[in-house]
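Student: need coordinates for the following:
(one chain, ligands or ions: 1)
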Amino acid sequence: MTGLVVLEGIDGCGKSSVARIVAKKLGKRAVLTREPTDSWIGEAVRKGDDKKVSPYTDALLFMADRSIHTLDMVDLIKKGKLVVCDRYYHSTVAYQAAFLKSTFKGDVFKWLLEANLRLSIHPDLTVLLNIPPELGLERIRGRRALSRFERLDFLKEVHKNYLKLARQDHSIVLINATRPLAEVSDEVLKLIRGRKL
Ligand code: TMP
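Tutor: Numbering: from 1, shown residues only. A predicted model of the protein is given here:
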């Protein structure tokens with residue numbers, strides 16, 4: 001009973017709340033974690049909202065944070081824990097591909113995916129909480145100051161990238177996250193239990 005479950009989706013899809021509910025219901029064997037992490041590299045990533053950072057710096061910081069986080073998650077899995085991770089490499093592919101699209105010479109989606117697969121492990125289950133970008137933005141508006149990633153055109157591009165990832169990787173399960181939180185969480189729990197994780 002161990003492994004890695006990743007929750008993904010655009011801002012406002014509810015994944016952080018779902019991750020919390022699911023980890024709580026799974027009990028002691030579950031460890032809830034997230035990216036960007038709370039480490040000093042994760043903090044550096046968050047500082048990108050206040051400081052002017054190049055999109056490349058952003059992408060590389062997210063990946064540096066992930067490469068250490070992956071080692072921590074591997075340790076937890078070896079100890080028999082079920083790790084529930086709020087965002088993983090799919091986020092970098094979806095968000096940074098959107099961010100770098102206009103400046104990158106070549107296929108930025110492919111570049112980011114290949115680089116990230118090298119420093120990540122393959123999740124036992126990845127759930128993509130799917131909502132229309134308009135709804136995502138509506139949900140987060142007023143919650144807090146919007147980050148540099150939270151604009152409608154940009155979120156539409158991110159959403160497209162997520163759907164592209166799901167088309168390419170059939171281990172990603174797409175679920176309708178426009179429903180109430182309790183329903184979405186129950187579905188994720190059912191998926192985890194169905195896989196005997
Ligand atoms: P959060 O709102 O889930 O805490 O994520 C913080 C922001 O960082 C969110 O807008 C998505 C963005 N992000 C990326 O752009 N790339 C990444 O690799 C990760 C993990 C998050």
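Student: what residues does the protein have near the ligand?
Tutor: 11, 16, 35-36, 62, 87, 91-92, 95-96, 147, 149-150 (CB under 6 Å from any ligand atom). In short, each C-beta sits where N, CA and C put it, glycine included.
Student: the residues you listed, buried ones only, as a PyMOL selection?
Tutor: Of those, the buried ones go into a single PyMOL selection, burial set by 16 or more other CB atoms under 10 Å:
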select buried, resi 11+35+36+62+87+91+92+95+96+149+150
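Student: residues touching the residue of the chain at minimum distance from the ligand, list them.
Tutor: Among the residues of the chain, residue 95 lies closest to the ligand, at 3.1 Å counting by CB to the nearest ligand atom. The contact partners of residue 95, taken as CB atoms under 8 Å, 6 or more residues apart in numbering, are 149, 158, 161.
Student: can you pull the pLDDT of the spatially most central residue of the chain?
Tutor: Closest to where the C-alpha atoms of the chain average out (CA atoms, centre = their mean) is residue 87, at 2.1 Å. On the pLDDT scale, residue 87 is placed at 98.
Student: re the thing from before, show me the two of the residues of the chain next to the ligand that sit farthest apart.
Tutor: Of all pairs drawn from the residues of the chain next to the ligand, the widest gap by CB to CB lies between 16 and 96 and measures 19.7 Å.
Student: how about stretch 35-48: buried residues?
Tutor: 35, 36, 37, 41, 42, 44, 45, 48.
Student: so how far is residue 183 from residue 190?
Tutor: From residue 190 across to residue 183, the span is 11 Å (CB to CB, to the nearest Å).
Student: please name the nearest non-neighbouring residue to residue 37.
Tutor: Using CB to CB, 6 or more residues apart in numbering and skipping residues adjacent in sequence, the residue nearest residue 37 is residue 69, 5.1 Å away.
Student: about what we covered before: between residue 190 and residue 183, which one's more packed in?
Tutor: For residue 190 and residue 183, the more surrounded residue by other CB atoms under 10 Å is residue 183, and the numbers stand at 13 against 10.
Student: and that one, that's in a helix?
Tutor: Yes: assignment of residue 183 by DSSP: H, G, I helix; E, B strand; the rest coil places it within a helix.
Student: might one say that residue 49 is in contact with residue 147?
Tutor: Yes: in this structure residue 49 lies within contact range of residue 147 using CB atoms under 8 Å: 5.2 Å.
Student: name the SS class of residue 31, please.
Tutor: Assignment for residue 31 (three-state DSSP): strand.
Student: what's near enough to touch it?
Tutor: Residues near residue 31 by CB under 8 Å, 6+ apart: 23, 76, 81, 82, 83, 84.
Student: again with residue 66
Tutor: Going by CB under 8 Å, 6+ apart, the list of residues near residue 66 reads 35, 88, 89, 92, 116, 119, 120.
Student: contact partners for the fourth one?
Tutor: Going back to what we said before, that points to residue 92. When contacts are taken as CB under 8 Å, 6+ apart, residue 92 is in contact with 59, 62, 63, 66, 112, 116.
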